[in-house]
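*Asks:* just a sequence and a predicted model for now, questions to come.
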Amino acid sequence: MRCEPSAPWPVSLFDREIFVMKCILSLCGRGRRWLMPLSVLALFAPAVQAATDTPMNHGNVAWMLVATLLVLMMAVPGVALFYGGLVRSKNVLSVLAQVLCVLAMALLAWMAYGYSLAFSGGGAVLGNLHEAFLLGITPTTRTAASSGLPTYL
């Protein structure tokens, strides 16, 4: 079994899965049995395809990541050190743990229903829950209002 595609790259999703499966199985036959679990994962791995409507703008993505990092740097150490300065020194670690827990709960609430209420639906103030728990959002999904930003950002 040879690992060479018939075309430059298999066109359909099914052809890609078959091609990856053949490549992994051909490697497994040469004494590399540790690659066998990868063949099972290859069948269930989603195919990541670039969105054809809007190309990704790498400058916008980089700025969004930097802005996210700045906000997290403000939230976690900034708020923790601020509140830590208001308590006795023996309670600073407790305050740090509380700030981290509140941040984790806020992130989970945003993922569960906050994103959907903010960005889905056509309401004047609130959206709907059609995208609750990020339903229907994939790594290749682009936002309609952005200039090539992935929805995950």
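*Replies:* Noted; the coordinates are in hand. Computed from a prediction, not measured in an experiment: that's the story for all the values here.
*Asks:* which SSE is immediately downstream of the worst-scoring helix or strand of the chain on mean pLDDT?
*Replies:* Sorting the helices and strands of the chain by mean pLDDT, DSSP states H and E puts helix 36-44 at the bottom, at a mean of 50. Counting by DSSP states H and E, the element after helix 36-44 in chain order, helix or strand, is helix 58-73.
*Asks:* for the record, mean pLDDT for that next one?
*Replies:* For helix 58-73, the mean pLDDT works out to 88.
*Asks:* other SSEs contacting that helix?
*Replies:* Contacting helix 58-73 under the criterion 3 or more Cβ pairs under 8 Å, 6 or more residues apart in numbering; DSSP states H and E is no other helix or strand. Every C-beta, even on glycine, is put in place using the N, C-alpha and C of the backbone.
*Asks:* and the next helix or strand past it?
*Replies:* helix 79-84.
*Asks:* tally of neighbours for residue 73?
*Replies:* 10 (other Cβ atoms under 10 Å).
*Asks:* for residue 79, see how far away it is.
*Replies:* Applying Cβ to Cβ, to the nearest Å, one obtains 11 Å for the distance of residue 73 from residue 79.
*Asks:* repeat for residue 104
*Replies:* Counting by Cβ to Cβ - residue 104 and residue 79 are separated by 13 Å.
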